[in-house]
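>>> got a structure for you, letters missing:
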């Protein structure tokens with residue numbers, strides 16, 4: 001074997017070793033999907049079930065984006081589920097009881113979510129109170145406030161226009177052919193093309209700056225697979241009722257946060273704070289302000305998730321948001337975020353949320369009780385954290 005071949009082989013082996021966690025998550029997601037597709041006799045990948053899967057997990061994905069930044073800075077937020085439930089209760093009171101139009105009511109709820117995040121972030125960032133304690137208190141406070149606002153009863157239904165936030169679909173610009181919603185299929189195909197183009201452009205930029213890149217064969221195969229999966233997913237979605245509005249919102253947020261974490265100064269500073277806060281502060285980064293802003297951001301996204309969940313349920317209930325924080329935190333850790341801070345990617349958090357969503361959906365189809373579902377999810381989370389600890393010790 002020539003020296004060039006040996007060098008290329010060593011490059012491939014080194015790349016796989018250094019990126020085992022990232023590719024392992026993707027492989028795990030595919031394996032879980034194939035497993036449930038087989039054991040459910042093809043129910044998992046049916047267009048109707050895929051649409052339900054998106055609607056059922058949209059609020060988890062939305063909150064996971066905010067939780068990722070909180071975890072990267074070395075903190076945690078246990079209050080997100082209660083905040084989401086509280087915001088849903090506020091929205092119900094404003095729209096149903098007082099007849100406030102859904103647009104100003106939505107803006108009020110998002111601002112309120114930001115204020116809640118600011119209140120909790122202030123104590124964490126400037127008073128150095130552990131985030132676990134502050135947000136645990138917040139979880140209890142907002143759970144109680146939701147119960148008080150709703151007077152212990154469900155409030156609904158919401159106006160039909162507000163319901164479309166979660167249950168609506170994008171308008172079709174062309175008549176369907178053979179049961180396909182062509183606009184949704186076209187949007188998915190264009191999105192796949194844009195993502196592949198951005199990946200190739202990013203690789204060219206890295207090569208121009210002599211930054212180490214993944215082997216070209218891996219890169220091409222990954223992008224071909226990515227394009228095929230997105231187009232196939234869009235085809236399945238387009239076979240039912242088209243693309244849900246909430247999927248558009250999720251995609252826009254994922255793109256935004258991927259850009260912020262990889263291409264902006266504030267994104268790099270957030271990772272620097274999580275990696276070594278003292279060194280970051282000595283280098284001139286305002287660590288307290290960044291921590292404060294990550295909690296404000298988390299509050300806004302928790303509020304948005306609460307609105308999406310309330311719109312899907314078409315009512316606000318005192319138990320709304322119960323246990324959401326566990327799925328959100330689990331999604332981030334399963335997706336590769338480190339419990340020590342400084343490590344985590346938006347794509348990983350989304351994959352983690354998808355893994356949790358597919359597991360929830362698949363186990364429900366199989367008729368597995370909620371008790372055993374919790375056991376299985378707990379073991380998966382424990383395994384992910386154990387892998388993180390192992391990687392920390394190895395490095």
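That came through fine. Since we're looking at a predicted model, the values are computed, not measured.
>>> Tally up the residues packed near the nearest residue to residue 212 once chain neighbours are set aside, please.
In this structure, residue 212 finds its nearest non-sequential neighbour in residue 206, 7.8 Å apart by C-beta to C-beta, 6 or more residues apart in numbering. All C-beta spots, glycine's among them, are computed from the backbone N, C-alpha and C. By the measure other C-beta atoms under 10 Å, the count of residues near residue 206 is 13.
>>> next one: residue 115
The number of residues packed near residue 115 is 14, by other C-beta under 10 Å.
>>> ok, so what distance separates it from residue 295?
With distances taken as C-beta to C-beta, to the nearest Å, residue 115 is found 11 Å from residue 295.
>>> can I assume the residue nearest to residue 212 is in contact with residue 200?
No - in this structure, residue 206 is not within contact of residue 200 by C-beta atoms under 8 Å, at 10.8 Å.
>>> so what's residue 149 up against?
Neighbour list for residue 149: 86, 89, 90, 93 [criterion: C-beta atoms under 8 Å, 6 or more residues apart in numbering].
>>> low-confidence ranges in this structure?
Flagging of the chain using pLDDT under 70 yields the residue ranges 1-23, 174-178, 387-395.
>>> before we move on, back to that, in CSV, list the contacts of residue 149 along with neighbour count, distance to residue 327 and secondary structure.
Converted to CSV, the contacts of residue 149 look like this (neighbours: other C-beta atoms under 10 Å; distance: C-beta to C-beta, whole Å; DSSP: H, G, I helix; E, B strand; the rest coil):
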residue, neighbour count, distance to residue 327, secondary structure
86, 32, 18, helix
89, 27, 20, helix
90, 24, 22, helix
93, 17, 26, helix
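>>> is it possible to export these to JSON lines including distance to residue 235?
What follows is the contacts of residue 149, written out as JSON lines (distance: C-beta to C-beta, whole Å):
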{"residue": "86", "distance to residue 235": "39"}
{"residue": "89", "distance to residue 235": "39"}
{"residue": "90", "distance to residue 235": "39"}
{"residue": "93", "distance to residue 235": "41"}
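>>> quick one on the thing from earlier: from the contact counts, what lies against the strand or helix carrying the residue nearest to residue 212?
Assessed by DSSP states H and E, residue 206 sits inside helix 182-208. Under the contact criterion of 3 or more C-beta pairs under 8 Å, 6 or more residues apart in numbering; DSSP states H and E, helix 182-208 touches helix 216-238.
>>> Could I get the buried residue list for the helix it packs on?
Going by neighbour count (16 or more other C-beta atoms under 10 Å), the buried part of helix 216-238 is 218, 223, 227, 230, 231, 233, 234, 236, 237, 238.
>>> what helices or strands is that helix leaning on?
Helix 216-238 packs on helix 3-18, helix 47-72, helix 182-208, going by 3+ C-beta pairs under 8 Å, 6+ apart.
>>> most packed of those?
Counting by mean count of other C-beta atoms under 10 Å, helix 47-72 has the highest mean neighbour count of these, with a mean of 24.
>>> That one relative to helix 216-238, how many degrees between them?
Helix 47-72 runs at 130 degrees relative to helix 216-238, counting by axes from the mean of the first three to the mean of the last three C-alpha atoms, to 10 degrees.
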